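[1] below are the sequence and a predicted model for it; my questions follow.
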There are 2 protein chains.
Amino acid sequence: MNKAFRQGQILKVISSQQIHTQDEIAQKLAKLGVPATQVTLSRDIRELGLAKTPQGYRAMPAPAPSGPTLANILSEYLLDIREAQHLLVLKTLPGHASTLAAALDRAAWPELAGTLAGDDTVLAIAPDLATARKLKRRLLRPS
Amino acid sequence: MNKAFRQGQILKVISSQQIHTQDEIAQKLAKLGVPATQVTLSRDIRELGLAKTPQGYRAMPAPAPSGPTLANILSEYLLDIREAQHLLVLKTLPGHASTLAAALDRAAWPELAGTLAGDDTVLAIAPDLATARKLKRRLLRPS
DNA sequence: CAGGGCACTGAATAATCATTCAGTGCCCTT
DNA sequence: AAGGGCACTGAATGATTATTCAGTGCCCTG
């Protein structure tokens, strides 16, 4: 019995039903005529990059196609920055504030404690004044 | 100390570094002033739907926005079906065979053992003659 | 206020998973 | 053919995670 084939069967088994333990996988494989111990499955699972979720084992989604770059979004949507102490008020075209805010949130910059989005305004909250200045520079030159 | 806040901190901790055990999470949380035992974390992790991957704990990607329906793809790309024993030869516009094949693979129909895609032709392989007929009907009327 | 219900949590423990160590078979070189 | 190296695997065992059972605090109702 061949390793690559066994791993293929593992993928088939977990994609067609919810399975929560490796012993359970071993049983299903046995029914398919593929013998395997828990030890082997533990290794296979790591090699396949499978994840154990509350809904059972799952194949990890392929590395995200990742939409537009943050840099792109900034250059397209960010129209203005106004400073207010440790806060920055970012202006966008009407209706696009949440797009910009979501992109910033996803980037998870350490300079940025959080955002609040209105219609054409994003409030960007920095932890302090110095960081706010750094943040402003970074927004203007998204390396 | 509040549950929702603790769970938020868990998300923060796992998103900023690779963490492989719940005890490790407990340590990081302790540093943030959030006490929690492994027992509690096990429950939080289930509630948050986190997955344990070979690269550490991860938040599961939001339920996929799921592109065009298989039904849509079929109605748009599937131009013809020719039977050949237990095989079906599907025709598409030039260059679109792989799109159709990929969509069929993703659907993982039991009637369909596998596909092979050329440029404007997809070979759909059914396990036997009877199943091939069912498959053809299903392709034509994607319920 | 007494008592019931509910949400939350921890200690102990059961269940599950990962690693270590050793053994086998295969291929390749000498 | 002998011997070294490598890939693969299982048994035993260590490490991690999940569950059970019990305890606490809070709110609500009578």
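    Good, I have the coordinates.

[2] now the closest residue to A:Ser16 other than its chain neighbours: how far from A:Arg6?
    Residue nearest to A:Ser16 in three dimensions, not counting chain neighbours: B:Ala108, with 7.4 Å by Cβ to Cβ, 6 or more residues apart in numbering or on different chains. All C-beta atoms are positioned from the backbone trio N, CA, C, and that covers glycine. Note on B:Ala108: its distance to A:Arg6, by Cβ to Cβ, to the nearest Å, is 19 Å.

[3] in chain A, which segments are predicted with low confidence?
    Filtered on pLDDT under 70, chain A yields the residue ranges A:1, A:62-67, A:142-143.

[4] residues from it in reach of DNA strand D?
    Taking Cβ under 7 Å from any atom of the strand as the measure of proximity, chain A contacts DNA strand D at A:Met1, A:Asn2, A:Lys3, A:Arg6, A:Pro35, A:Ala36, A:Thr37, A:Val39, A:Thr40, A:Arg43, A:Lys52.

[5] buried subset of those?
    A:Arg6, A:Ala36, A:Thr40, A:Lys52 (16 or more other Cβ atoms under 10 Å in any protein chain shown).

[6] name the SS class of the second one, please.
    Think A:Ala36. Using DSSP: H, G, I helix; E, B strand; the rest coil, the structure places A:Ala36 in coil.

[7] and it, what is it in contact with?
    Neighbour list for A:Ala36: A:Arg6, A:Ile25, A:Ala26, A:Leu29, A:Ala30, A:Asp44 [criterion: Cβ atoms under 8 Å, 6 or more residues apart in numbering or on different chains].

[8] how does it look with 6 Å?
    Applying Cβ atoms under 6 Å, 6 or more residues apart in numbering or on different chains to A:Ala36 gives the contacts A:Arg6, A:Ala26, A:Leu29.

[9] need phi/psi at it.
    Torsion angles at A:Ala36 (phi, psi; degrees, to the nearest 10) stand at phi -170, psi 140.

[10] okay, strands next: where are they in chain A?
    Along chain A, the segments classed as strands by DSSP state E run A:51-53, A:56-58, A:80-84, A:87-91, A:114-117, A:121-125.

[11] wait, which of these is closest to DNA strand C?
    DNA strand C lies closest to strand A:51-53 among the strands of chain A, at 5.7 Å (Cβ to the nearest atom of the strand).

[12] the closest one close to chain B?
    Yes. Strand A:51-53 lies within reach of chain B by Cβ under 6 Å from any Cβ of the partner chain, at A:Ala51, A:Lys52, A:Thr53.

[13] which residues of chain A lie near chain B?
    Counting by Cβ under 6 Å from any Cβ, chain A sits next to chain B at A:Arg46, A:Gly49, A:Ala51, A:Lys52, A:Thr53, A:Pro54, A:Pro61.

[14] now with 7 Å?
    Proximity of chain A to chain B, by Cβ under 7 Å from any Cβ of the partner chain, involves residues A:Ser15, A:Arg46, A:Gly49, A:Ala51, A:Lys52, A:Thr53, A:Pro54, A:Arg58, A:Met60, A:Pro61, A:Ala108.
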